[in-house]
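1. what's the 3D shape of this:
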Amino acid sequence: MFVYEFNMATSNLDPVCSLRGAQCSFAALILIVFTGLLLSGSSVEFLVPSMTTGLSRRQSPGHTHKPPPASFITRLQTQPIIQRGNHSDVAEYYRSQTEPISQRGNHSEYYRKIPDVLSLLESPVILCVANFGYTELLYNLLFSIQNLDIKPRTPDILVVCSDKRCYREMESPKDGLLVKYHLTLTDMAESDERASIFRDQSFNQIVQQKPKFVKRLIERGLDVLFVDSDIVLLGNPFLYFTGNAELYVQQEAYKDHICSGFYFMRATPHMSSFISRWITNMQRDHKQWDDQPYFIQAFRKLKNKMKIETLPINLFMSGKVLQDGKNPWYDMDVRPVEIHANFVTGLGEKQRLLKENKLWFLPN
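-> The predicted model follows:
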């Protein structure tokens, strides 16, 4: 009798080698076995290694090899991609599951991008963009939305993080935050996670990506309410978007001086053209300002071709209107719907403005 033992524990053939290598090894094994059969003229038995213990057990050709446990197969088939890492092939995946963590190397992490969630979104969508430096402000915005009673439901919220640290921070919401949001990482160039100074180069890099995100949603047929992360909502803004305008936009403090930090845009061909013009204006200008000057340029160029409505400044307040007001917002006969902490520079100043005006909603 010819007995061939193929021991995975001692063989140079890696049990989790690449798929091409595995095919070659299997062919070599078959060749060796049948050569032995021809030379010996006797029956053949195999010593098949155990996949779980690495030990060999004798099997005759009529013996059925015991398959892996059903739970093992089910786990592999159902395990989400997010838990698998960025492995080049199936064999690499198996290796990564059996190696100690210290030996697995630096496999890239999985972050959801906008294309991953587009099919999950329903119109209208609240869109927010932030880096790690702005996460506290973003949380404050989300807590303010949680306090609203939007009927029939709170719209889908899409959060786009411009750096991985922001994404990891937003993966585990703060205690008490119940409002749900779809979390994604930018698929464009990541920004400096500390960028927070108005019109600083890193700040400009973040805000110039905003219209590109909006364009994807508009072209998907989704109406978009874009909200900067240094904003708080005190009422339901959608009650003011019921007319036939295609664009509802906040004013800073003067007529036609509009703000690219808060606007509602319908998914129409006119709006798609408007965003394309906005993006083109940015790309042509080598000064690389933030997005707002180019937003205003597109607005002035196309405003007679679109249905646009500017929002009243007493209901949709800029930071300038808030600071110049004679009475605090909570003593006004008609309370504002939205307040924007702009016209101050830096995270500390924005937080100070919000806290001094009783607009800070994060739990202590």
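2. in the helix or strand harbouring Q250, what's buried?
-> Assessed by DSSP states H and E, Q250 sits inside strand 247-251. Neighbour-count burial for strand 247-251, counted by 16 or more other CB atoms under 10 Å, picks out 247-251. Backbone N, C-alpha and C define where each C-beta goes, glycine included.
3. gap between the closest residue to V129 other than its chain neighbours and K212?
-> Nearest residue to V129 in three dimensions, chain neighbours excluded: V160, at 4.7 Å (CB to CB, 6 or more residues apart in numbering). According to CB to CB, to the nearest Å, V160 and K212 sit 10 Å apart.
4. the two: who's more crowded?
-> V160 (23 against 17; other CB atoms under 10 Å).
5. surely the more buried one forms part of a strand?
-> Yes. Assessed by DSSP: H, G, I helix; E, B strand; the rest coil, V160 belongs to a strand.
6. next up, the contacts around it.
-> Contacts for V160 (CB atoms under 8 Å, 6 or more residues apart in numbering) come out as 114, 127-130, 184-186, 209, 213.
7. make CSV out of those residues and add neighbour count, distance to E309 and secondary structure.
-> As requested, the contacts of V160 are exported to CSV (neighbours: other CB atoms under 10 Å; distance: CB to CB, whole Å; DSSP: H, G, I helix; E, B strand; the rest coil):
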residue, neighbour count, distance to E309, secondary structure
I114, 20, 28, helix
L127, 23, 19, strand
C128, 24, 22, strand
V129, 25, 24, strand
A130, 25, 27, strand
T184, 22, 30, strand
L185, 23, 33, strand
T186, 23, 30, coil
Q209, 19, 26, coil
F213, 21, 23, helix
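8. could I get these as CSV with distance to L141?
-> Shown next, in CSV, are the contacts of V160 (distance: CB to CB, whole Å):
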residue, distance to L141
I114, 19
L127, 12
C128, 7
V129, 11
A130, 9
T184, 17
L185, 19
T186, 18
Q209, 18
F213, 16
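9. can you put those in TSV and add pLDDT and distance to T310?
-> Converted to TSV, those look like this (pLDDT from 0 to 100; distance: CB to CB, whole Å):
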residue	pLDDT	distance to T310
I114	94	29
L127	98	20
C128	97	22
V129	94	22
A130	91	25
T184	96	30
L185	94	33
T186	89	30
Q209	82	25
F213	93	23
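10. can you tell me which of the buried residues of strand 247-251 is nearest R168?
-> Nearest to R168 out of the buried residues of strand 247-251 is Q250 (CB to CB; 31.1 Å).
11. where does pLDDT dip in the stretch 101-250 of the chain?
-> Along the stretch 101-250 of the chain, segments meeting pLDDT under 70 span 101-108, 188-208.
12. and if you look at the stretch 251-364 of the chain?
-> 255-256, 286-291.
13. how about the helices in the chain?
-> For the chain, the helices defined by DSSP state H occupy 19-40, 70-78, 90-98, 114-117, 135-146, 164-171, 201-207, 210-219, 269-284, 292-302, 319-324, 347-356.
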